[in-house]
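*Asks:* task: produce atomic coordinates for the following.
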Amino acid sequence: MKCWICKLNEADSGEHIVKASDLKAIFASSKAFLHTIDKKNVPIQSTKKSDLLKFKKVICAKCNNSATQEFDYAWEEFSDYFRNNLIQFDGKKIKKAKIFPLNSRDNMKYVHLYWLKILGCYLASNYSEFDLEEIRGSLNRKKYNKKFFLCFFGRATKIDRRIGALVSDLNLYNYPDKSFALETVFVIDCLSIQLVYSDKEIPRILEGMWHPAWTRGNITLNNGELVFGDGW
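*Replies:* This is a model prediction of the structure:
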């Protein structure tokens, strides 16, 4: 099987479903266990090496490492910022320069592309019939994808902060006009990230929706739940 990103090299690498640096930070002082619909309390010996915490081998080592390294580093810095700054998440607008004092515009774009890569690996691992051409094109050109959006949700209380990491199923919405939307949610420590990929035009009035081409790339952290469906 060829890597879905470059389509040149053999797919010999498994991308972490939740980034290894996030898992290391969450489980620094406690043991990790995997829970799925079919399995409960599966002990994880190494959050960095365990294949149970990775997607199937759908990308090559080059695309998983050097080719997308900037995306990984940007997300790591973004994640660390919120992990280490317990600000009150309540519809608060955060300037990108607060998170990335240097090269904030590019780094926020790379956050967008990091999650686009994760979505692509999710689809390539579980929905091989999905056309990934537009997604891989954005990654290879290092250009944001106009169909891909993120929403950020947060909890800042010390009581519920360390809940671990959760990944939802991938939901598909089909609309009468033949447009569609894909949506999934990742919960990582104090942050929840909602990934949305849609060929339907998403109005900017949806509170909390984020795209690097909007609002100068600044983000809003929400404390509610953004629901997708026929109400767009």
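*Asks:* can you give me the pLDDT of the residue minimising distance to the centre of the chain?
*Replies:* Nearest residue to the geometric centre of the chain (CA atoms, centre = their mean): Trp115, 3.5 Å. Note on Trp115: pLDDT of 98.
*Asks:* pLDDT weak spots in this structure?
*Replies:* 86-92, 155-163, 201-207, 215-217, 223-232 (pLDDT under 70).
*Asks:* now the strands for it?
*Replies:* Ranges of strands in the chain, per DSSP state E, are 32-34, 42-44, 92-94, 148-154, 165-167, 171-174, 180-188, 191-198, 219-222.
*Asks:* got those as TSV, with distance to Ile26 and mean neighbour count columns?
*Replies:* Where C-beta positions appear, they are placed from N, C-alpha and C, glycine not excepted. As requested, these are exported to TSV (distance: least, CB to CB, whole Å; neighbours: other CB atoms under 10 Å):
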stretch	distance to Ile26	mean neighbour count
strand 32-34	8	15
strand 42-44	12	13
strand 92-94	22	14
strand 148-154	15	21
strand 165-167	6	15
strand 171-174	25	12
strand 180-188	7	19
strand 191-198	11	21
strand 219-222	19	21
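*Asks:* sorry, back to before: test my guess that the residue nearest to the centre of the chain contacts Val196.
*Replies:* No: counting by CB atoms under 8 Å, Trp115 does not reach Val196; the two are 10.2 Å apart.
*Asks:* hmm, who's touching stretch 15-33?
*Replies:* Stretch 15-33 is contacted from outside by 41-44, 47-48, 53-55, 58-59, 64, 72, 75-76, 79-80, 83, 117-118, 121-122, 162, 164-165, 167, 186, 188-189, using CB atoms under 8 Å, 6 or more residues apart in numbering.
*Asks:* in it, what counts as buried?
*Replies:* Buried residues in stretch 15-33, counted by 16 or more other CB atoms under 10 Å: 15-23, 25-27, 32.
*Asks:* quick revisit: want to throw the strands of the chain into TSV with distance to Leu102?
*Replies:* Output for those, formatted as TSV (distance: least, CB to CB, whole Å):
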stretch	distance to Leu102
strand 32-34	33
strand 42-44	35
strand 92-94	16
strand 148-154	21
strand 165-167	28
strand 171-174	36
strand 180-188	24
strand 191-198	22
strand 219-222	18
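*Asks:* so which residues of the chain form helices?
*Replies:* 20-26, 61-64, 69-84, 96-99, 104-126, 133-141 (DSSP state H).
*Asks:* would you mind measuring from Asp171 to Met108?
*Replies:* Just so we're on the same page, residue 171 is Asn rather than Asp. Distance from Asn171 to Met108, counting by CB to CB, to the nearest Å: 26 Å.
*Asks:* ok, now Ala181?
*Replies:* Separation of Ala181 from Met108 (CB to CB): 22 Å.
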